[in-house]
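**Student:** Fold the following.
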Amino acid sequence: MDRPRAWTAPAGQPAQDHPRPTQDPRPAQARIDQQIRRYRERAVPGARHPERDYPPYRSSAARFPRQPLVALADPEAVELTGPVFGATDVTDLDHDLTRQHPGEPLGEQITVTGRVLDRAGRPVRRQLVEIWQANASGRYAHLRDQHPAPLDPNFTGVGRCLTDDRGRYRFTTVKPGAYPWRNHDNAWRPAHIHFSLFGTAFSQRLITQMYFPGDPLFRYDPIIQSVTDDRARERLVAAYDHDLSTPEFSLGYRWDIVLDGPAATWTEDSA
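**Tutor:** Numbering: from 1, shown residues only. Model prediction:
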């Protein structure tokens, strides 16, 4: 979540009368588009992840690790001191983000479901799936998000569930809105939902993002464009499923997650 800070006028001056700065040090979209094209031209075929200092995502230069990874003498010791959870920690309301507060959240209600599969198409059972997202106005319920869009007191934007014996997960939520971020001038992130999956250990965590079909912001977004393989990028986009839609209640989207193999869903490289 890379968000702009709220702008405030100087003391004693009405905010509506104070002009925005005329000089913006951030690059224009045309420059970011050029960087994306150059990156795609020299991308290694079949590369799973973008470079850690991926130029179009400007803050990556300050975020990627510059020191070698620390080798653990006993990797299993990490699991002995790390967080744990049991099936009883996931409640019946955790998968329904529209029922976690006294009132109903604002926005277009949706159902998102799919299966978690291995490379052979076999279901991955009893896996913890977590999601987090912005609300319908494109704002996260987080202190660092100062985007001047309204918060929704009836929507926190986080949920979780366990896959069933067929590897299925299911969430009821609202469609998130696009939001501005300070990567470059007039930068907007397409609507998306963050997904986190755990294997048999917390060190096996995978994180990715699910997008919505037909979003016009795809071509302008350096994060989704960092996936240079067209087919891999398409696998990040959910499919609208009319049979999954519920009359007068919600629209349905289907999105399967493949954990490994040539058809794997692209995940963020956290190493």
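**Student:** residue boundaries of the strands in the chain?
**Tutor:** All strands of the chain, identified by DSSP state E, fall at 109-117, 128-132, 158-162, 168-174, 179-180, 188-189, 192-197, 206-211, 239-240, 251-254, 257-258.
**Student:** Could you list the paired strands of the second one along with their orientation?
**Tutor:** For strand 128-132, the paired strands and their directions (DSSP bridges) are strand 158-162 (antiparallel), strand 192-197 (antiparallel).
**Student:** Can I get those strands in CSV including distance to residue 141, mean pLDDT and mean neighbour count?
**Tutor:** C-beta: built from backbone N, CA, C; applies to glycine. CSV is the format used below for those (distance: least, Cβ to Cβ, whole Å; pLDDT from 0 to 100; neighbours: other Cβ atoms under 10 Å):
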stretch, distance to residue 141, mean pLDDT, mean neighbour count
strand 158-162, 8, 95, 19
strand 192-197, 13, 96, 21
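**Student:** So which of those is nearest residue 27?
**Tutor:** Among the strands paired with strand 128-132, strand 192-197 comes nearest to residue 27, with 22.5 Å by Cβ to Cβ.
**Student:** out of everything not next to it in sequence, what's closest to the most centrally placed residue in the chain?
**Tutor:** Against the mean C-alpha coordinate of the chain, by Cα atoms, centre = their mean, the closest residue is residue 194 at 2.9 Å. Distance criterion Cβ to Cβ, 6 or more residues apart in numbering; nearest residue to residue 194, sequence neighbours excluded, is residue 132 at 4.9 Å.
**Student:** re earlier: TSV please, covering the strands paired with strand 128-132 and showing distance to residue 90.
**Tutor:** Listed next are the strands paired with strand 128-132 as TSV, based on distance: least, Cβ to Cβ, whole Å:
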stretch	distance to residue 90
strand 158-162	6
strand 192-197	13
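**Student:** wait, which of those strands is closest to residue 34?
**Tutor:** Residue 34 sits nearest to strand 192-197 of all the strands paired with strand 128-132, at 24.0 Å, using Cβ to Cβ.
**Student:** got the contact list for that closest one?
**Tutor:** 112, 116, 127-133, 173, 176, 205-212, 257, 259 (Cβ atoms under 8 Å, 6 or more residues apart in numbering).
**Student:** What subset of those is buried?
**Tutor:** 112, 116, 127-133, 173, 176, 206, 208-212, 257, 259 (16 or more other Cβ atoms under 10 Å).
**Student:** Identify whichever of the strands paired with strand 128-132 lies nearest to residue 43.
**Tutor:** That would be, of the strands paired with strand 128-132 and by Cβ to Cβ, strand 192-197, which comes in at 21.9 Å.
**Student:** where along the stretch 51-200 of the chain do the helices fall?
**Tutor:** 60-63, 76-81 (DSSP state H, counting those that start in this stretch).
**Student:** Which of those has the lowest mean pLDDT?
**Tutor:** Of all those, the minimum mean pLDDT falls on helix 76-81 (a mean of 65).
**Student:** what's the longest helix in this protein?
**Tutor:** helix 29-41 (DSSP state H).
**Student:** Pull it out as CSV, backbone CA atoms only.
**Tutor:** Extracted in CSV, the C-alpha atoms of helix 29-41 (Å, rounded to 0.1, in the frame of the first residue of the first chain):
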residue,chain,number,x,y,z
GLN,A,29,2.8,8.8,-16.9
ALA,A,30,4.6,9.0,-20.3
ARG,A,31,8.0,8.5,-18.7
ILE,A,32,6.7,5.5,-16.6
ASP,A,33,5.2,4.0,-19.8
GLN,A,34,8.6,4.3,-21.5
GLN,A,35,10.3,2.6,-18.6
ILE,A,36,7.8,-0.2,-18.7
ARG,A,37,8.4,-0.7,-22.4
ARG,A,38,12.1,-0.8,-22.0
TYR,A,39,11.8,-3.3,-19.1
ARG,A,40,9.6,-5.6,-21.2
GLU,A,41,12.1,-5.4,-24.1
